[in-house]
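S.K.: structure here, sequence nowhere to be found:
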């Protein structure tokens, strides 16, 4: 509501009817249509008003009299006030004075002794006192009309006031001059009171001339009577009567014409004065077609204020026509309000115009013919239905397009750089939600704050359900399109919607675009957060975003797992791990891949944005997903190492490095280089590298992965790491058994043939002093295995050699137990062989191997005597001295 109009200035401040006045003030209307009332001294002057600006109006005064206020009424501010007044008066209008109103002119008469003067007294009037008015320019400060409201200073008027005349003309005349003027006035009056005799004396010549003229007329009449008789007077009388009759007819005709002219003038004046009302029916139609509904409302309100209570039939008829036109405009407005699409501002404008017109027609018979319950609520419902329809139409359009694209893709490959239809749908749907949901919310806020509310109570519950339903629909469509790995059967049954099931290749092409879909969803979510929506509505989208974030995390890690499975092709067998010799750069490649994946995950989905939850809460789906994906990732890496070990074994013929079968250790691979640089890496070296990688991962690498996860803000994935370590230990054990079996079985298999080479028998006497060939060969073979392991990964010596030595001790125990009887020298030789092997391999003999060696010594039958033992000790010391260089490697502790 604008401030009330205030009139602060007026020019001129007095005048007769029709005076052009300039009115100045504040808040005198925002435009011409805003001015609906203007009264000057109580007289309505609206039709003559010319609105210039909010501070200026020009108008003409009406037929008022006296002082009064200037009251301005506007549609926006109501009835105003005035700090100044206008004085209206009526003045005598002479024949030479212009007037804005009609003045009935009649000649002024001044009868003196029955004679009519030939000139108007107003033109020849002199001062009745015979005094000069020069030097009397001084005027009385008070307004004479206020002092003498029913009098005037004009001598020719009936309400002449001598006081007015004296104050107006002789305010400065001296008393002596006034006395002389009074004497002059008395003489003038006395001269006019002289008798007829004095009149005749002064006009004797004229009287005689008149008598002569009358006598001549009498003589002429007598002559005419003699010539024509007495009938001449009758003819003259008939002519005079005929002239009177004709003149009466002419006068009557003139009067009739004058009445018609006056009637026509009155009608034209009425049409001109009330042109606004008579043009209003066509005006509102024209304004409505142009979309200027605010002008329609203002004009209709002005007409209601001016002519709403009139009893004039023509005015009532025109008003009824205007009401019918307004009723038709209301129907059009309601259709436009619910017609979509359109902007909120346009709807707001239409709703305000419709509500204003309904209020002005409420309670009238014409208004009851069309009752719009609540146009603002109808607009809200129409916008909500349009939003839902747009969602569904967009979904069906892109789903059909995707189905057609899949049919075409069967015949030709799809361009992977082109975004799939699912991504285009997500982008368009998020754009729709980010643009139309805020419009729906703003329209609702305008409704509930009262700006667009009608006479009925609002429906906050219904509006809230409307918003929640729109957001739920938005999330349902996104779930159907984005979360392709989830079980969507229940979602399809509840929503009745289904995206066409594409081929595996199409699904695979869509997966890299899921982060982009998440970005579109987040942009729409940020737009809705700025609207201050209720938490219940935002939680629906937050839940969807958390699901998409988790799915995006899963997709990225699955892609990383697929890349991890291909790391075997990048293995160069370069051993560059200082903290664990023998381990290759494959774990470092895995670490780089993991860091790259975590960087991508952190930037794409794991870093929460505005009003997003933490996916890594304890016992949450996010934490379980992280554990599961890391387990798959590490399990894939373990599988890569296993594939490198066993797949290489299938492709190559492994070497055994057994001297009896193949000669000296590494005799067939003189050019092979441990570490894979400068030559071919044989299968045994690959096997040892894989074992070293397993051991390194179990000891150092997997715990470091936990530190990497903690550095990126993840909780320590203890379960995933421990599971991976357990898997690695199992694979390490399997691979170790494979290598031991590969190296130990041929070595053990040569002991018995070498022992009985040349038909050797333990119960025969023999030369003693050296090792038997089988024991010497066994040492050589063990040295070959030792050197092979040491050249790759010294840390693997103990677990491998312990197993091989245990196998050798077991074989020796079996062979010794099979001998029925030893000769004297045979017992000494067997004792030296077994003790040499046991003592030289002491660092790699476990408890089981010790027991087997003891069992082999105890199997010598008969037991050695004291002499045999001394002899055996001497031979053993001599053999150890001779083989000290060969056996030196076995004595190195913690190589």
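M.R.: Arrived safely. Worth saying up front: this structure is predicted, and the values here are computed from it rather than measured.
S.K.: can we go C-alpha only for contacts and neighbour counts from here?
M.R.: OK.
S.K.: could you pull out the helices in the stretch 51-200 of the chain for me?
M.R.: 121-124, 144-147, 162-169, 175-192, 196-202 (DSSP state H, counting those that start in this stretch).
S.K.: quick one: mean pLDDT for the second one?
M.R.: Model confidence over helix 144-147, given as mean pLDDT, is 72.
S.K.: kindly report the same for the longest one.
M.R.: Averaged over helix 175-192, pLDDT sits at 80.
S.K.: please point out which parts of it sit buried.
M.R.: By neighbour count on 16 or more other CA atoms under 10 Å, the buried set for helix 175-192 is 178, 181, 182.
S.K.: same question, stretch 745-756
M.R.: For stretch 745-756, by 16+ other CA under 10 Å, it's 746, 747, 748, 750, 751, 754, 755.
S.K.: assign a three-state SS to the second one, would you?
M.R.: Read that as residue 747. helix (DSSP: H, G, I helix; E, B strand; the rest coil).
S.K.: my read: it touches residue 781, true?
M.R.: Yes. Using CA atoms under 8 Å, residue 747 makes contact with residue 781 at a distance of 6.8 Å.
S.K.: per-residue pLDDT of residue 134, please?
M.R.: Taking residue 134 on its own, its pLDDT is 65.
S.K.: and the longest helix along the chain, average pLDDT?
M.R.: For the chain, the helix reaching the highest residue count under DSSP state H is reported as helix 232-273. Computed over helix 232-273, the mean pLDDT rounds to 83.
S.K.: following it, which helix or strand comes up?
M.R.: Following helix 232-273 in sequence order, the next helix or strand is helix 275-289 (DSSP states H and E).
S.K.: other residues contacting that following helix?
M.R.: Contacts with helix 275-289, where a contact means CA atoms under 8 Å, 6 or more residues apart in numbering, come from 271, 293, 295-296, 299, 303, 315, 318-319, 321-322, 325-326, 329.
S.K.: quick one: the longest helix of the chain to chain centroid distance?
M.R.: Centre-to-centre, helix 232-273 and its host chain are 82 Å apart (CA atoms, centre = their mean, to the nearest Å).
S.K.: now swap in stretch 514-533 and tell me
M.R.: 9 Å.
S.K.: pLDDT of that stretch, averaged?
M.R.: 88.
S.K.: what residues of it count as buried?
M.R.: For stretch 514-533, by 16+ other CA under 10 Å, it's 514-522, 524-525, 528-529.
S.K.: helix/strand/coil for residue 587?
M.R.: helix.
S.K.: is it in contact with residue 698, as I believe?
M.R.: No. Under the criterion of CA under 8 Å, residue 587 makes no contact with residue 698, lying 11.2 Å away.
S.K.: could you verify my assumption that residue 17 touches residue 59?
M.R.: No. The criterion here is CA under 8 Å, and residue 17 misses it with residue 59 at 11.4 Å.
S.K.: and the two most separated of the buried residues of stretch 514-533?
M.R.: Spatially, the most separated pair among the buried residues of stretch 514-533 is 514 and 529, at 22.3 Å (CA to CA).
S.K.: any low-confidence regions in the stretch 301-450 of the chain?
M.R.: 363, 367-368, 371-373, 406-417 (pLDDT under 70).
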